[in-house]
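*Asks:* generate a structure from the sequence data that follows.
(chains A and B)
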Amino acid sequence: MLATAVWRPVNAASSFLSDLIGPELHGERRELPLAINVNWIALLGLLGAVAVLLVAFADGAGRRGDTYASWLYYWSGLALLLFPLTARMTKPALARGERVILLVLLTEFLFYTVVLYAPTNFIRYDEVLHWMSAYDIQYRHRLFLPNSMLPVSPYFPGLELLTTAVANLAGVSIHTAAVLVLAVLRAAFMVALFLFFERISGSSRVAIIGCLLYMSGSTYIQFDAAFAYESLAIVLFIMILLVEADLSETPRLFLLFALLIGAVAVTHHVTAIWCVIYLLGIGIAHSLSRSRRGHTRAPILFAVGVAVVLPLLWFVFVGDMLVYYLAPTIDRDIVGFLSKFTGHSSGIPDRPMFVSDDGTVQPLLNRVVGVLAVLFVAIGLVTGFFRSLALTVPAPVRGWSRLLEVLRRNWSDSRVVLLTLGAFLFPVAVTLRLSGSGWEIGHRLSTFAMFSAGLVAAVAVVHFWQPRIGRTRYGSALLSLAVATVAFGGIIIGGGSHPVHDVYRISGDADSVEPMGIATAKWTRDWLGEGNRFVADRVNQLLLGIYGQQHIITPIKNRVYLPDIFRPEGVEGDPIHQIQESKIEYLLVDLRLTMGKAAMGEYYERGEPETPPTPSALLKFDRDKRAACVFDNGWMMIYDVRHFDE
Amino acid sequence: MNSRDLNAIFVWALAALLIATTTDIAVVRVLVSLPLVLFLVGYAVLRAFAVTPQAFLTHSVYSIGASIAITLAGGFLLNLVSGLTPFGWGCWFVLVTGVAAIIGRHRAFPWQFGPLPRVGRAPAVMAGITSLIVIGAFWQAVRDEADVRQFSFTEFWMLPKPYGKLTIGIHNAEHRQQPFDVEVTSVPDSPDDKTTGRVIAEWHGIMLNPGDDWTREVDFPPTVGYSKTQAILYLSQDHTIYRRVSAITDGK
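*Replies:* Predicted coordinates for the structure are as follows:
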C-alpha cells in the first residue's frame, strides 16, 4: 500500500509531464474552407487607425516633454492595435485569406508607428549611415563611393539601389522612397514568413501564430524596419527559405533561388552567412534522413553550392573591408562574453534589464510584460519542442514512438527538424542580450533565433494549449492574450527605454537629432564646402556627414581616439598629436554634452569615461592662437585647426 | 488571356520611362513606378520562364523577390555605364519587361481567380474613415515635428576669404526680433603687444527678424605671416557679449 501511495503521485506527475512536453499533436491538421469576413477586417482596420493616431499624439507629447501623456498614448495605442487583431487572427476557425489580410494590416500599422516617429527624415543612427550611401548613388550616380562612417556600406548597396531606383523613377526624396519600399518589404516579409511556416507545418493556424510570435523578436519592431541593409536582407532570407522548400518539386525555381542568393550576397554580409549556415544545415539534415534520400539530395546540394559560391565571390571582391568591419565586433562581443566563463573581465558591465544607459528605467508594467513575454516563449518552447519534431513523422505513428522515429532519422521534413533544434538559439540570444559585451550579437541573433522559436512555440499553441484551454471562449481569449503579450513584450524589449519621441537627450541618437544640429551641419556645407576632414561627437558626426557632406574622421579607418582630442584640459600632447596624425581640419564642439550623462553610454566612442566632458576641456581651443573658432551658435562651436600643422 | 499580362507590363514600363522623364507630378510617378520596381518586373520574368506556383499569393511574394534581384542587377549594370539616372532605370525596366514579353509570348496565363468578396456599405465607410484617420495621424506627426523646437539660437561666423577679405555672418533662429552690434578686431599676438588689437570694423543696431540672415565682407589689414582676427557679437540693448568667433588670416 505504501508503494502504491508513493507510486500513484509519481505516476500522475510523470503522466502530466509527458502530456505537457510530449510529442502528441492534439490540434486538427485539416482546415475547413471559410469565407473572408470583410466587416471584421474593416472594423479592425478602423481600430488600428485609431491606435496609430494615439501613437502620433504620443510622439507629439514626448517632443513637448510631457512624458506621462506620451507613454499613456503610446502603450494604449499599441495595446489597441495588437490585442484585437491578435484575438481575431488566432481564432481556430478563420478563413486563411482573412488571416493573411489581418497579418498585413497589423504589419503595416506597426511599421506606420515607426514612420510617425520621424515622418520627414531619417534620424536613427543606422539609417543616417545608409542614407549617406544612398545619397551618393542618387546624386553622384555611382556605386562604391566611400562612406567614412560605415566603410563597408557602399559594398553592400542592395537596399540603397532599390530605394534610389524608386526615388529616381518616382521623383521623390530618398526618405519618401525608403518609406514606400520598406512598407512593401515589411508586408512581403510577413506574408513570406506565413507561407513558409504554413508550408512546413501544414497549418495556417501554426503559421499565423508563428508570425505573431516572431514579432516578439527584439529586432522586429524597429531595427528590421529601419533604413538599413538588414531590413532588405531579412526579406530575401525568408524568401530563400520559402523557395528552397519548393525546390525539389519545382526545379524551375532554381532561377529565382539563384537570383535571391545573389541579391542577399550584395545586400548584407551577416544574412548571407546565415543563408549558408541554414542551407548547410538543411543539406546535412537531408543527408542524415533515411526517408528522403535519393532524388531530393541533388537540389539541396546545388542550392548549398550556389549559396556558398555567390556570396563568397562577392566577399572576395569586397576584400579586407569586410574583415575590418566584422572582426572587431566579433572579437569584442564574443570574446568578451566568453571571458565571463574564464574569469577574466571584459571591462564592459552587464546590462541591467529594462534600464537604459542614461539610467532611465522602464515603467513597472512594461517590465512585467517584457518578462512575461520571454516566459511565455520559454513555455512555448518547452511544450512545443517534441511536438515540433513529431510533425515530421506522419501518422499512424503516435506518442513517444514518433520521437523514436526521429532518433532513427526517419523524419520527412529536414527543415522542421533543423528549425526545431534552432530553437536553442533563443535562450542564447536572451542571455547574450543581458551581458554588456554580448548585447550586440544577442540582439542580432534574435532576428534569426525567432524563426525557430516562433515555429516551435506556435506548434505548442495549436497542438497543446489551444486544445487544452482554448476550446471555451474564456480560454481562447486567455490564449490570444498570451500571444499578444508575447508580441507586446517584444515591442517593449525592441523599442528600448524610449520607443516614443522625447525631448533632446544628450548623445541620444534619434532623440539628439534636432533643428539646431541640422542647421549647423548645413552651415558647414554652405560656407566651408564639402569634404572637409571633421571630427565631432557621436551624433554630430552623423549630421555633418549627411547634411554637411563632410569627411568624418572616425576610428574605423583612422588611428584616432576622439576622447583624446576633446576630453583633455590642455591642447598640448594628445589633442595636437591626434589632430596632426589624422590631418583633421575642423572640430565641432557641442557644449550640451557637458550637461549630463550620455543616453547611449558614449559621447564620442565606446569605452570612454562615463563622466561628461567639461566645458573648459571643450573650449580649450579658444586659448590657442593656432586654432580659430569660425562658428558659434551659443551651444556649438566649430574650430579651424588646419594651422596646427604649421 | 495568353500573354496579354506580359504585354501590359511592357507597356507599363514604357509609360514609366516616359512619365519619369517628362513630368514632375510625384503622385503619378509614384503610382506608376513603385509597382513596376517592386512587383511587375519580377512577375514578368517569372511568368516568362514559367516559374509560376499554383497559388497566386506565393507567386506574388516570389515576384517581389525577383523584382528586388532584377533591380539590383540593373543597378550594377547601370553603374558600369554611368546610368544610375531616371532615364537609365527606365530603360532597364523597359528592356527586362520587353525581353520577358518576347520570351513568354506563348505562355498561357496559369491562374484562375474566383469572385472577390462583396464589400458592403458599412465596411466601405469604415475603410474611408480609416484612411482619413491614418492621413490625419501623419499630418499630426509632421506638424509636431515642425512646431516643436527645443533650442532657439543665433549663429555667428567669420571666415577668411581670398584676396585679404573676411566674411562675417549672422543668422537669427530665435523666436523674436533681435538687435545686434558687431565688432571686428585683430587679436594681439601677446598681452604686451600694443600694435595689434585694433578695431577693424564695427556695425551697430543690426535688426534681424527670426529667420533673417546678415552677411558682410571686411578687408583685413596686411600682415606678415599668419594673424588672428576676432569678431564679437553684442546684444545691442546692454552691449553684452553674445557670441565670439575668430579667423586666422594669411598676410600674403
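*Asks:* what ranges of chain A fall below the confidence cut-off?
*Replies:* Low-confidence segments of chain A (pLDDT under 70): A:1-2, A:28-31, A:292-297, A:324, A:328-353, A:356-359, A:395, A:436-437, A:497, A:646.
*Asks:* and the closest residue to A:Asn558 other than its chain neighbours, its phi and psi?
*Replies:* Residue nearest to A:Asn558 in three dimensions, not counting chain neighbours: A:Ser582, with 4.9 Å by Cβ to Cβ, 6 or more residues apart in numbering or on different chains. In short, each C-beta sits where N, CA and C put it, glycine included. Phi and psi for A:Ser582, reported as degrees, to the nearest 10, are phi -100, psi 10.
*Asks:* quick one: A:Ser582 from A:Leu543, how far?
*Replies:* In this view, A:Ser582 and A:Leu543 are 20 Å apart by Cβ to Cβ, to the nearest Å.
*Asks:* how near is the residue nearest to A:Asn558 to chain B?
*Replies:* Note on A:Ser582: its distance to chain B, by Cβ to the nearest Cβ, to the nearest Å, is 20 Å.
*Asks:* returning to what we had before: between A:Ser582 and A:Leu543, point out the one with more neighbours.
*Replies:* More crowded of A:Ser582 and A:Leu543, by other Cβ atoms under 10 Å in any protein chain shown: A:Leu543, with 26 against 20.
*Asks:* who are the packing partners of the helix or strand the more buried one falls within?
*Replies:* In the assignment (DSSP states H and E), A:Leu543 maps to helix A:538-546. If you count contacts as 3 or more Cβ pairs under 8 Å, 6 or more residues apart in numbering or on different chains; DSSP states H and E, helix A:538-546 packs onto helix A:125-140, helix A:515-528, strand A:533-535, strand A:551-552, strand A:586-590.
*Asks:* got a list of contacts for the second one?
*Replies:* Residues from elsewhere that reach helix A:515-528 (Cβ atoms under 8 Å, 6 or more residues apart in numbering or on different chains): A:532, A:534, A:539-540, A:543-544, A:546-550, A:586, A:588, A:590, A:630-631, A:633, A:635-636, A:638, B:149, B:151, B:153, B:155, B:157, B:159, B:167, B:169, B:171, B:173.
*Asks:* show the buried residues in the residues you listed.
*Replies:* Neighbour counting by 16 or more other Cβ atoms under 10 Å in any protein chain shown classes A:532, A:534, A:539-540, A:543-544, A:546-550, A:586, A:588, A:590, A:630-631, A:633, A:635-636, A:638, B:151, B:153, B:155, B:157, B:159, B:169, B:171, B:173 among the contacts of helix A:515-528 as buried.
*Asks:* still on that earlier bit, can you tell me what sits against the helix holding A:Leu543?
*Replies:* For helix A:538-546, the surrounding residues in contact (Cβ under 8 Å, 6+ apart) are A:122, A:125, A:128-129, A:131-132, A:135, A:148-149, A:507-509, A:512-513, A:517-518, A:520-521, A:524, A:534-536, A:550, A:552, A:554, A:588, A:590, A:598, A:600, A:602-605, A:636.
*Asks:* do stretch B:106-126 as well
*Replies:* Contact partners of stretch B:106-126, identified using Cβ under 8 Å, 6+ apart, comprise A:35-36, A:38-39, A:41-43, A:45-46, B:1-6, B:47-48, B:50, B:52, B:54, B:56, B:59.
*Asks:* tell me the span between the first and last residue of it.
*Replies:* The straight-line separation of the ends of stretch B:106-126 (Cα to Cα, to the nearest Å) is 43 Å.
*Asks:* chain center to that stretch, what's the gap?
*Replies:* How far stretch B:106-126 lies from its chain's middle: 38 Å, per Cα atoms, centre = their mean, to the nearest Å.
*Asks:* what does stretch A:557-573 give?
*Replies:* Stretch A:557-573 has its C-alpha centroid displaced from the chain centroid by 33 Å (Cα atoms, centre = their mean).
*Asks:* now do the contacts for the nearest residue to A:Ala263 once chain neighbours are set aside.
*Replies:* Once flanking residues are discounted, A:Ala263 sits nearest to B:Ala69: 4.0 Å by Cβ to Cβ, 6+ apart. Shown in contact with B:Ala69 (Cβ under 8 Å, 6+ apart): A:259-260, A:262-263, B:42.
*Asks:* same check on A:Leu255?
*Replies:* By Cβ under 8 Å, 6+ apart, A:Leu255 lies in contact with B:49, B:51.
*Asks:* the helix or strand containing A:Ile273 close to chain B?
*Replies:* Using DSSP H and E, A:Ile273 sits within helix A:269-288. No. Using Cβ under 8 Å from any Cβ of the partner chain, helix A:269-288 stays clear of chain B, with a minimum separation of 13.2 Å.
*Asks:* packing partners of that helix?
*Replies:* If contacts are counted by 3+ Cβ pairs under 8 Å, 6+ apart, helix A:269-288 sits against helix A:229-246, helix A:253-265, helix A:297-318, helix A:320-330, helix A:414-422.
*Asks:* all helices for the stretch 1-150 of chain B, in order.
*Replies:* Taking DSSP state H, counting those that start in this stretch as the test, the helices found in the stretch 1-150 of chain B are B:4-22, B:26-35, B:41-48, B:56-80, B:86-103, B:121-147.
*Asks:* do you know which of those helices lies nearest A:Val309?
*Replies:* helix B:56-80 (16.1 Å; Cβ to Cβ).
*Asks:* so for A:Pro363, what's the nearest residue that isn't a sequence neighbour?
*Replies:* Closest residue to A:Pro363 apart from its sequence neighbours, by Cβ to Cβ, 6+ apart: A:Trp71 at 6.7 Å.
*Asks:* again with A:Ala226
*Replies:* Nearest residue to A:Ala226, sequence neighbours excluded (Cβ to Cβ, 6+ apart): A:Glu127, at 5.1 Å.
*Asks:* residues contacting that neighbour?
*Replies:* Neighbour list for A:Glu127: A:226-228 [criterion: Cβ under 8 Å, 6+ apart].
*Asks:* format these as TSV; extra columns: distance to A:Ala93 and neighbour count.
*Replies:* Output for the contacts of A:Glu127, formatted as TSV (distance: Cβ to Cβ, whole Å; neighbours: other Cβ atoms under 10 Å in any protein chain shown):
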residue	distance to A:Ala93	neighbour count
A:Ala226	37	19
A:Phe227	40	25
A:Ala228	40	24
